[in-house]
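Visitor: just the structure for this:
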Amino acid sequence: MKTIRADTGTARSIDYNATKIEEAVEMATKLNRPYGLVGYSQGCANEFNFESMMFSGKTHDKEILSVV
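Guide: Have a look, this model is predicted:
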């Protein structure tokens, strides 16, 4: 199985990186594949920001997170 990796960047904003994580998660769900969030240091902050955006977003966003 091929890994889907979010194209985040060290010098990018936390919002930019959260959007990249969102794109990767949406791709995984469209392919009906499981996903997990793994990060260290800035990666953890990016993931928390992504989750916050998703939980406070559209209903579709919340459904993606509840699939897990």
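Visitor: please count neighbours and contacts with C-alpha atoms only from this point.
Guide: Will do.
Visitor: ok, the residue nearest in space to the middle of the chain - contacts?
Guide: Residue closest to the mean C-alpha point of the chain, counted by CA atoms, centre = their mean, is residue 21 at 3.1 Å. Taking CA atoms under 8 Å, 6 or more residues apart in numbering, we find residue 21 in contact with 6, 7, 8, 47, 50.
Visitor: what do you get if the cut-off is 10 Å, keeping everything else the same?
Guide: Residue 21 sits next to 5-8, 15, 27, 37, 43, 46-47, 49-51 when contact means CA atoms under 10 Å, 6 or more residues apart in numbering.
Visitor: low-scoring stretches of the chain, by residue?
Guide: Across the chain, the stretches falling below the confidence threshold (pLDDT under 70) are 1, 58-62, 64-68.
Visitor: need the longest helix for it.
Guide: helix 14-30 (DSSP state H).
Visitor: with only the CA atoms kept, save that helix in PDB.
Guide: Provided in PDB are the C-alpha atoms of helix 14-30 (Å, rounded to 0.1, in the frame of the first residue of the first chain):
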ATOM      1  CA  ILE A  14       0.600  26.600  10.600                       C
ATOM      2  CA  ASP A  15      -2.600  27.300   8.500                       C
ATOM      3  CA  TYR A  16      -0.800  26.400   5.300                       C
ATOM      4  CA  ASN A  17       0.400  23.100   6.800                       C
ATOM      5  CA  ALA A  18      -3.100  22.300   8.200                       C
ATOM      6  CA  THR A  19      -4.500  22.800   4.800                       C
ATOM      7  CA  LYS A  20      -2.000  20.400   3.300                       C
ATOM      8  CA  ILE A  21      -2.900  17.800   6.000                       C
ATOM      9  CA  GLU A  22      -6.600  18.300   5.100                       C
ATOM     10  CA  GLU A  23      -5.800  17.600   1.400                       C
ATOM     11  CA  ALA A  24      -4.000  14.400   2.300                       C
ATOM     12  CA  VAL A  25      -6.800  13.200   4.600                       C
ATOM     13  CA  GLU A  26      -9.400  13.900   2.000                       C
ATOM     14  CA  MET A  27      -7.400  12.000  -0.600                       C
ATOM     15  CA  ALA A  28      -7.200   9.000   1.800                       C
ATOM     16  CA  THR A  29     -10.900   9.100   2.500                       C
ATOM     17  CA  LYS A  30     -11.800   9.300  -1.200                       C
END
